[in-house]
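S.K.: Model the following, please.
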Amino acid sequence: MERKFKSILCALLCLALAFSLTACKKAEQPVLQVAALKGPTGLGLSKLMTDAEDNFEITLYDAPDAVTGKFISGEIDIAAVPINLASVLYSKTQGQAVMIAVNTLGVLYILENGETVGSLSDLAGRTLYATGQGSTPEYVLNRLLAENGLTDSVTVEYVGEHAALAAMMASGEAELAMLPEPNVSAVLLKNEKVRIALDLTEAWETAFDTTLVQGCYIVQKSVLDEHPEAVSAFVEAAGRSAEYMLTADDAAKIAAEQGVVASEQIAAKAMQNCNLVCIAGEEMQRIASAMLSALFEANPKSVGGALPDDAFYAALS
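M.R.: Next comes the predicted model:
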């Protein structure tokens with residue numbers, strides 16, 4: 001009886017130890033606070049948002065400005081942000097914002113109520129309405145206008161919100177507008193007379209022989225240093241999510257349900273023009289650094305006053 005009791009006791013102790021080790025292992029894996037953005041920069045995370053994985057708590061924000069303060073204060077571990085803002089935060093935080101992946105390539109288009117624009121030179125003498133002042137869209141547009149000798153011959157009027165400019169185009173109030181997806185698709189669905197006149201991704205790559213990069217993921221350096229496996233796991237999960245959003249039949253429905261895009265119809269039309277990716281490592285650094293260099297040439301303040309050094313780019317294992 002005593003031997004049997006000892007055997008039972010030993011088994012219970014082993015079981016308790018196993019539970020203890022499992023609990024410790026789970027405790028070692030942090031729950032990362034992730035900021036996603038409405039629109040293309042956060043679109044690739046839509047599937048991951050539905051999966052509700054234990055290690056990632058994803059919050060959706062309306063605009064990058066809402067993310068900046070929370071990232072600086074440390075409330076957010078990982079954030080999807082415009083590429084120029086990532087560089088600005090690297091400067092503002094003395095190197096505490098580290099890029100871990102590029103998530104969005106070019107999504108900018110010029111729309112026209114008419115048939116008069118076939119190249120950037122056709123914008124001369126015209127008024128172009130645009131959004132994204134103070135962010136990547138403005139700097140991309142300025143760089144392209146300068147490269148084509150159009151800086152002084154195109155009047156650019158900025159509108160505060162994408163939705164407001166989309167409404168102006170859809171109603172016919174505006175004749176020319178630069179907008180990102182999915183707002184482009186929203187306009188095209190409302191007014192069949194509006195067309196995509198110029199793809200600024202193509203214009204950029206023709207002018208500069210570099211990839212137009214617009215969005216990326218950044219992480220707190222302290223989080224990367226302490227939990228590199230967790231950060232790598234996020235990038236892998238984000239990559240799977242982006243691939244799903246590009247290929248799955250229910251991707252548009254998911255994007256709408258999560259509130260990343262206004263409607264399933266808009267999401268379905270916009271998805272293939274949003275250039276969702278998840279590029280890490282050396283390729284990330286190559287295309288991101290080239291993009292930031294081009295933005296720096298357009299306006300040094302756009303990237304925080306100086307180009308980030310190599311420490312800005314994470315080399316994930």
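S.K.: Going by C-alpha atoms from here, please, whenever you check contacts or count neighbours.
M.R.: Will do.
S.K.: just the helices in this structure please.
M.R.: Across the chain, reading from the start of the chain, the helices by DSSP state H fall at 2-28, 40-43, 46-51, 65-73, 83-92, 136-147, 162-171, 183-190, 200-208, 221-226, 228-247, 251-257, 264-270, 281-298.
S.K.: buried stuff in the fifth one?
M.R.: In terms of neighbour count (16 or more other C-alpha atoms under 10 Å), helix 83-92 has its buried residues at 83-91.
S.K.: mind giving me CSV with those residues and columns for distance to Tyr313?
M.R.: Compiled in CSV, these are given as follows (distance: C-alpha to C-alpha, whole Å):
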residue, distance to Tyr313
Ile83, 12
Asn84, 14
Leu85, 14
Ala86, 11
Ser87, 10
Val88, 14
Leu89, 13
Tyr90, 10
Ser91, 13
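S.K.: got a pLDDT number for the residue nearest the centre of the chain?
M.R.: With distances taken as C-alpha atoms, centre = their mean, the residue of the chain nearest its centroid is Thr41 (2.5 Å). The score at Thr41 is 85. That number is its pLDDT.
S.K.: Pretty sure it sits against Pro82.
M.R.: Yes - taking contact to mean C-alpha atoms under 8 Å, the distance of 7.2 Å between Thr41 and Pro82 places them in contact.
S.K.: which residues do the two both contact?
M.R.: Between them, Thr41 and Pro82 share the neighbouring residues 214-216, with contact defined by C-alpha atoms under 8 Å, 6 or more residues apart in numbering.
S.K.: burial count for Trp189?
M.R.: Trp isn't right for residue 189; it's Leu. With neighbours defined by other C-alpha atoms under 10 Å, the count for Leu189 comes to 15.
S.K.: what about it, distance to Leu43?
M.R.: The span separating Leu189 from Leu43 equals 19 Å under the rule C-alpha to C-alpha, to the nearest Å.
S.K.: what do you get for Ser91?
M.R.: Relative to Leu43, Ser91 is positioned 26 Å away (criterion: C-alpha to C-alpha).
S.K.: How about Thr210?
M.R.: Taken as C-alpha to C-alpha, the span from Thr210 to Leu43 is 23 Å.
S.K.: Which one's more surrounded, the two?
M.R.: Legend: neighbour count by other C-alpha under 10 Å for Thr210 and Leu43, higher for Leu43 (32 against 16).
S.K.: I figured the more buried one hits Ile254, correct?
M.R.: No - because the distance of 9.8 Å does not satisfy C-alpha under 8 Å, Leu43 is recorded as not touching Ile254.
S.K.: coming back round to it: let me have the helices of the chain in a markdown table, extended by distance to Asp310.
M.R.: Written out in a markdown table, the entries for the helices of the chain read as follows (distance: least, C-alpha to C-alpha, whole Å):
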| stretch | distance to Asp310 |
| --- | --- |
| helix 2-28 | 29 |
| helix 40-43 | 23 |
| helix 46-51 | 29 |
| helix 65-73 | 20 |
| helix 83-92 | 11 |
| helix 136-147 | 21 |
| helix 162-171 | 34 |
| helix 183-190 | 35 |
| helix 200-208 | 22 |
| helix 221-226 | 13 |
| helix 228-247 | 18 |
| helix 251-257 | 34 |
| helix 264-270 | 34 |
| helix 281-298 | 8 |
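S.K.: most neighbours per residue, which of those helices?
M.R.: Mean neighbour counts were taken over the helices of the chain using mean count of other C-alpha atoms under 10 Å, and the top value, a mean of 29, falls to helix 40-43.
S.K.: Please consider this matter closed, and thank you.
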